[in-house]
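generate a structure from the sequence data that follows.
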Amino acid sequence: MALMLGVAAIAADDKADPNGTWKWTRPGRNGGPDQQFTLKVKAEGDKVTGKLTAPGRQGATSEVEIKEGKVKGDEISFNTSIERNGNTITSKYSGKISGDSLKGTIERPGRDGGDPTKNPWEAKREKAK
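Numbering: from 1, shown residues only. This next block holds a predicted model:
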């Protein structure tokens, strides 16, 4: 019995904490200014909810709800969708959490029906104030 409790305690420690505010920067397009992203995450069990704030067109920012968010151990995944010119564009985020660092891949649809693109992303958790 004690052995089972010890194994359960170790398994609980292996689950990464996705909660908090995560930030990262991506180089701007065509030599433009860097783009700042903010992800606010709340986990309840294996379900993840939150919002992603990202640069929009012409200097505006957009805020979208994350959908289908999941956390399993140190892995997190979620989707975001935006409407553009009557089309829904869905981006799929996946990554691994290690302490206050989150590193993964963003998969987006290809242009004009082409192959999807995959880009790396790496975010740092903002320290609580």
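
the closest residue to Glu63 other than its chain neighbours: neighbour count?
Take Glu63 and drop its neighbours on the chain: the residue closest to it by CB to CB, 6 or more residues apart in numbering is Thr53, 4.8 Å away. Every residue, glycine included, has its C-beta placed from N, CA and C. If you count neighbours by other CB atoms under 10 Å, Thr53 ends up with 16.

repeat for Lys15
14.

that one against Gly73, yeah?
Yes - the pair Lys15 / Gly73 is scored as a contact, 5.9 Å apart, by CB atoms under 8 Å.

which residues sit against the strand ranked longest in the chain?
Looking across the chain with DSSP state E, the single longest strand is strand 87-98. Outside strand 87-98, the residues that touch it by CB atoms under 8 Å, 6 or more residues apart in numbering are 16-18, 66, 71, 74-83, 102-109, 121, 123.

switch to 7 Å and redo it
Identification of contacts with strand 87-98 by CB atoms under 7 Å, 6 or more residues apart in numbering yields 16, 18, 74-82, 102-109.

next helix or strand past that strand?
strand 101-108 (DSSP states H and E).

where do the helices sit along this structure?
Counting by DSSP state H, one finds helices in the chain at the ranges 2-14.

still on that earlier bit, quick one: the residue nearest to Glu63 from Trp22, how far?
11 Å (CB to CB, to the nearest Å).
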